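In: What follows is a predicted structure for the sequence shown.
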Amino acid sequence: MKKTILLAFLCIAAIACDKKEDSTPQPELNSISVPYRQATKVSASGTDLKVELKEVNDSRCPANATCISMGSAKLVLAVSDTSNQVDVNLEFKGDSKDNAQEFKLGGVTYLLSVSEVLPYPELPKSPKLEDYKIGVSIEKK
């Protein structure tokens, strides 16, 4: 009886661990590091765009502090192609999967995603603006 129960548990565990393949493969986006106030080329579905981090307002809880909320980093990025430019405002919340913003540039809709904002604040001092770098990826919608 014990062997039957053990065998049943092993079968259930094997079925539960069965990896399901996603029916539609998702394209892997490469994140590019964009330093503060330096235009950086980012490829979006064959189109080269320039991205510049213009503003950072970082209110994230410092790593060595206890806070009521995690806070966020509000970012302003200038995105341009050869003839158009648009400012994209985005609020980066480190624990959220929704660190993305849609924008239009030259009649085309893009999705800009931010994967990281570095450096992370620590007490007793705040990072200088010129030290900031963000991980950015852009895809055409």
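Out: Looks like it arrived, so ask away.
In: which element follows the helix or strand bottoming out on mean pLDDT in the chain toward the C-terminus?
Out: In the chain, no helix or strand scores lower on mean pLDDT, DSSP states H and E than helix 2-16, which sits at a mean of 62. As assigned by DSSP states H and E, the chain's next helix or strand after helix 2-16 is strand 32-35.
In: Direction included, what does that next one pair up with?
Out: Strand pairing for strand 32-35, using DSSP bridges, gives strand 133-140 (antiparallel).
In: buried sites along the strand it pairs with?
Out: Using 16 or more other CB atoms under 10 Å as the test for burial, strand 133-140 gives 133, 134, 135, 136, 137, 138. From N, CA and C alone the C-beta is placed, and that goes for glycine too.
In: which of these lies closest to residue 106?
Out: Among the buried residues of strand 133-140, residue 138 lies closest to residue 106 (CB to CB), at 13.4 Å.
In: So what pairs up with that closest one in the strands?
Out: Here residue 138, judged by DSSP bridges, has bridge partners residue 112.
In: One more: residue 76?
Out: Counting by DSSP bridges, the residues bridging with residue 76 are residue 55, residue 89.
In: so it sits right up against residue 92, yeah?
Out: No. With contact defined as CB atoms under 8 Å, residue 76 does not count as touching residue 92 (11.6 Å).
In: These two - which one has more neighbours?
Out: residue 92 (21 against 14; other CB atoms under 10 Å).
In: Could you double-check that the more buried one sits in contact with residue 115?
Out: No. In this structure residue 92 lies outside contact range of residue 115 using CB under 8 Å: 9.2 Å.
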